[in-house]
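Peer 1: Compute the structure for the input listed below.
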Amino acid sequence: MSSACGLLPYNGPIGTVHRGTVTKSSVALGSLSVGPAAIIPFDQPDAKLIKVGEPAVLTFEAVPGLQVIGTVQAIVPIRSNIVQKTIYQATIGMSTNDPRMKPGQNVRASVATFSVPDVLVVPNSAIHSQDSGSFVTGSNGDRIRFTPGAVGDDVTEVRDGLTDGQQVRLR
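Peer 2: Purely as a prediction, here's the structure:
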């Protein structure tokens with residue numbers, strides 16, 4: 001079956017431009033301490049934006065499916081002589097004390113480093129970039145230029161060129 005221009009219709013995944021929140025997170029692996037608390041060394045450049053009081057999502061390698069919400073209780077910059085950069089060591093407290101959680105277990109922590117609420121967003125998997133700028137492919141195959149703003153983990157802010165509810169092809 002072919003369309004009028006001789007191409008097969010697109011049957012891939014479709015996303016929607018919508019209002020939402022752009023969130024960028026810093027993720028690192030550390031270990032469970034006592035209390036319960038986790039000690040997490042963040043070494044990404046944006047880790048300096050982590051603040052005391054921020055929520056953190058913790059997952060445990062030894063307990064698949066367990067996800068705990070914690071709070072950053074302390075963040076301390078430590079200069080590493082080995083890698084010649086600053087590592088931000090976070091202590092993340094948890095109100096949950098699941099009996100499957102044991103001191104020394106590996107813990108993966110994700111803490112938001114910035115958030116831009118209530119903006120028009122497009123899924124990152126729809127965005128293509130070239131020297132001439134950023135664009136998405138509409139559901140009908142048209143290439144649509146747009147002006148991106150803040151880039152998050154899953155979505156990017158749309159400053160101009162796309163409208164709320166517009167459908168785009170995902171990669």
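Peer 1: The residue sitting nearest the centre point of the chain: which element?
Peer 2: Compute the mean C-alpha point of the chain, and by C-alpha atoms, centre = their mean the closest residue is residue 153, 2.7 Å away. Per DSSP states H and E, residue 153 falls between elements, in no helix or strand.
Peer 1: What about it? Give its phi and psi, please.
Peer 2: Per-residue torsions, residue 153: phi -60, psi -40 (degrees, to the nearest 10).
Peer 1: you'd agree it is up against residue 26?
Peer 2: No - Residue 153 is not in contact with residue 26 according to C-beta atoms under 8 Å; the separation is 10.0 Å. Backbone N, C-alpha and C define where each C-beta goes, glycine included.
Peer 1: re the thing from before, what's the closest non-adjacent residue to the residue nearest to the centre of the chain?
Peer 2: Here the nearest residue to residue 153 in space, its sequence neighbours aside, is residue 25; by C-beta to C-beta, 6 or more residues apart in numbering that works out to 5.4 Å.
Peer 1: For the one you found, identify the helix or strand it belongs to.
Peer 2: Applying DSSP H and E, one finds residue 25 within strand 18-32.
Peer 1: before we move on, back to that, for the residue nearest to the centre of the chain, give its distance to residue 104.
Peer 2: 29 Å (C-beta to C-beta, to the nearest Å).
Peer 1: Pull the contacting residues for residue 153.
Peer 2: Residues in contact with residue 153 (C-beta atoms under 8 Å, 6 or more residues apart in numbering) are 23-25, 124.
Peer 1: Most neighbours among the residues you listed, please name it.
Peer 2: residue 25 (19 neighbours; other C-beta atoms under 10 Å).
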